[in-house]
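**Student:** Structure here, sequence nowhere to be found:
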């Protein structure tokens, strides 16, 4: 279970964001909705352990993220949280498969080569395993980011506008992959989006 309570964040210039309490049960799928600039990305970064809030707590399976030392927090996030950013953050000097396998290495987990190839195949990009990021389109990079987020079978998958750069066919493929893989792995899913194509697939909403 994921739980946020009494959560607020204050930026250097004094802007204060306060977030309603939120509980997400195992395997639940949620949309995070709100106008641009309302704090969706900030909240995602806080929940995923990337941004320490000014106030409040974030619990994932009973672990309070921000009581963990930095190194333990990094390891916990790598093992329990999968993140898909708006812009792909891939290492340009590594090919696609190596980028996926690095996610396991950084989390201290064994590399599952066959699973990684299966994830790529499920997204229709198995043939890109040995390509480098600079050789790929924006849509291909986004699908690789989805595969990388799923590598470690996270308890929580967080996606920030995962379909914004995709055409209808690839967007539907990514949505199916996200919803199916999270169910298969018993994981919860949070998607921040403005994309109506995503809203048609997930009923629960958290509105900022």
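**Tutor:** Perfect, thanks for sending it. Note that this is a predicted model, so its numbers are computed, not measured.
**Student:** From now on I want contacts and neighbour counts done on CA atoms only, so please keep to that.
**Tutor:** OK.
**Student:** Phi, psi for residue 74 please.
**Tutor:** phi -60, psi -40 (degrees, to the nearest 10).
**Student:** List the neighbours of the host helix or strand of residue 197 that are in contact with it.
**Tutor:** Residue 197 is part of helix 196-199, with elements assigned from DSSP states H and E. Outside helix 196-199, the residues that touch it by CA atoms under 8 Å, 6 or more residues apart in numbering are 31, 163, 171-172, 175.
**Student:** now the strands for this structure?
**Tutor:** 2-10, 16-19, 22-24, 29-33, 55-60, 63-64, 81-84, 156-160, 188-192, 204-207 (DSSP state E).
**Student:** if we can go back for a sec, in the helix holding residue 197, which of the residues would be classed as buried?
**Tutor:** Neighbour-count burial for helix 196-199 flags 198-199 (criterion: 16 or more other CA atoms under 10 Å).
**Student:** on that earlier part again, so can I have a markdown table of the contacts of helix 196-199 showing pLDDT, neighbour count and distance to residue 7?
**Tutor:** Formatted as a markdown table, the contacts of helix 196-199 follow (pLDDT from 0 to 100; neighbours: other CA atoms under 10 Å; distance: CA to CA, whole Å):
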| residue | pLDDT | neighbour count | distance to residue 7 |
| --- | --- | --- | --- |
| 31 | 94 | 21 | 18 |
| 163 | 82 | 24 | 28 |
| 171 | 84 | 20 | 32 |
| 172 | 85 | 16 | 33 |
| 175 | 87 | 19 | 29 |
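**Student:** Dump these into a markdown table; add distance to residue 149 as well.
**Tutor:** Formatted as a markdown table, the contacts of helix 196-199 follow (distance: CA to CA, whole Å):
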| residue | distance to residue 149 |
| --- | --- |
| 31 | 18 |
| 163 | 15 |
| 171 | 16 |
| 172 | 18 |
| 175 | 14 |
